[in-house]
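>>> I'd like to go over a predicted model; first the sequence, then the structure.
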Amino acid sequence: MHLLLSQASPFVPISAASDKGRTFRKEIIRKGTYYKASQDMRFEVDDAALDNWEAMFALMEKNGVRVPAPVTHTDDPEANRGWWSSIYREGDSLYGHVELSDPELAKTCDVSLYSPAEFIDGKGNKYVRPIVHIALVTNPVIPGLEPFTPISLSQENPMDWTKIKEALEIEEEMTDENAEELILAAIEKLKKPEEEEETEKPVVEEPVAAAAKEVDPTLLSLAQDNRIMKIDQLVADNKITGAVAKQLKERFAGKKLALVLSSKMDDGFDAVIASHRENDPIKLGEHTKGQTIQLSNSGRKSSGESPLVKAAKARAEKRKAR
């Protein structure tokens, strides 16, 4: 069975596609329990669903599978009005970036995602409950989500560096021009105490190693993959450079991650990622109201574990064998 999260048939756009596309950020869905009147059905969106959609999009993107933005739930290429370039989780919500052929669509529509039980691409790769398209609609089931907002890197909308300053304890005033230099310097400062301790005591990794034994290897591998994916997304969105990404991976997805997971401490990773994503974009005229998802049970049997989970378990088994 397919769950299509719009109350009636999708709409036909009121204006023709413009010659120049625009890229927008859109909240796609958030955690909660919802009711679809047209099917008299209640359904729940939880952490596992949000994480799976984010992971499946990354895997599909890696394999060259694109997610379209049609004006109806169909595979008809004439109905497509753009492509989703990224899908990522922030807190309790799932967001995406979409490039629309006609920017006016952002004023007149919302979205409805379609997620079948499984999807197999042309190369035989199988995906469990992925998002295969996110349609543009005017009748969403889920209300109150953030509207389309244009992604702008202009000087009129500078980056807010407040949170990242607090996370890295940077005292100097940060601007777009000196941000990279200050971030790299702060990360180096955090690494120096570790390097000095290694000179005095060669066996400094024992506490981390001990903590790693208390953390499930599969959980550790999934956490590392998730953090690396979010850092890589910042590079893809031109939020940070490759050099900064390398430093962030060493700081937040390295050996200390096991200690962070075992002690349930907050190492500031979410704050750093959120700070890089903030852009204070200009909102267009009307606020679109809600957004919808499509969770489907198409009658086909689930293929079982997510490919990312299988890969993580394989890496965990290699760690044990070392």
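Structure received. Numbers count the residues shown, from 1 in each chain.

>>> give the buried residues for the helix or strand hosting Phe43.
Per DSSP states H and E: Phe43 is located in strand 41-45. Across strand 41-45, burial judged by 16 or more other Cβ atoms under 10 Å covers Phe43, Val45. No exception for glycine: its C-beta is placed from N, CA and C like everyone else's.

>>> what strands line up against that strand, and which way round?
Next to strand 41-45 in the sheet, as set by DSSP bridges, lie strand 32-36 (antiparallel).

>>> from the chain's centre, how far out does the partner strand sit?
Chain-centre distance of strand 32-36: 22 Å, with Cα atoms, centre = their mean, to the nearest Å.

>>> now do the helix or strand that comes right after the strand holding Phe43 against strand 41-45, angle only.
As assigned by DSSP H and E, the chain's next helix or strand after strand 41-45 is helix 47-62. Here helix 47-62 runs at an angle of 70 degrees relative to strand 41-45 (axes from the mean of the first three to the mean of the last three Cα atoms, to 10 degrees).

>>> contacts for helix 47-62?
Residues from elsewhere that reach helix 47-62 (Cβ atoms under 8 Å, 6 or more residues apart in numbering): 29, 31, 66-67, 84, 86-89, 92-94, 115, 121, 125, 127-131, 226, 229, 295, 306-308.

>>> if we go to 7 Å?
Helix 47-62 is contacted by residues 31, 67, 87-89, 94, 115, 127-131, 229, 306-308 when judged by Cβ atoms under 7 Å, 6 or more residues apart in numbering.

>>> buried ones in it?
By neighbour count, and taking 16+ other Cβ under 10 Å as the criterion, the buried residues in helix 47-62 are 49-61.

>>> quick check: the farthest pair among the contacts of helix 47-62?
Of all pairs drawn from these, the greatest distance, 23.7 Å, lies between Lys31 and Pro307 (Cβ to Cβ).

>>> between the two, which one's more packed in?
Pro307 (17 against 14; other Cβ atoms under 10 Å).

>>> for the residue nearest the centre of the chain, give me phi and psi.
In the chain, the residue lying closest to the centroid (Cα atoms, centre = their mean) is Tyr88, at 1.2 Å. As for Tyr88, its main-chain torsions (degrees, to the nearest 10) stand at phi -150, psi 160.

>>> as a check, name the ranges of all strands in the protein.
Along the chain, counting by DSSP state E, strands occupy 22-30, 32-36, 41-45, 67-70, 80-90, 93-100, 110-114, 118-120, 126-128, 133-137, 149-150, 291-292.
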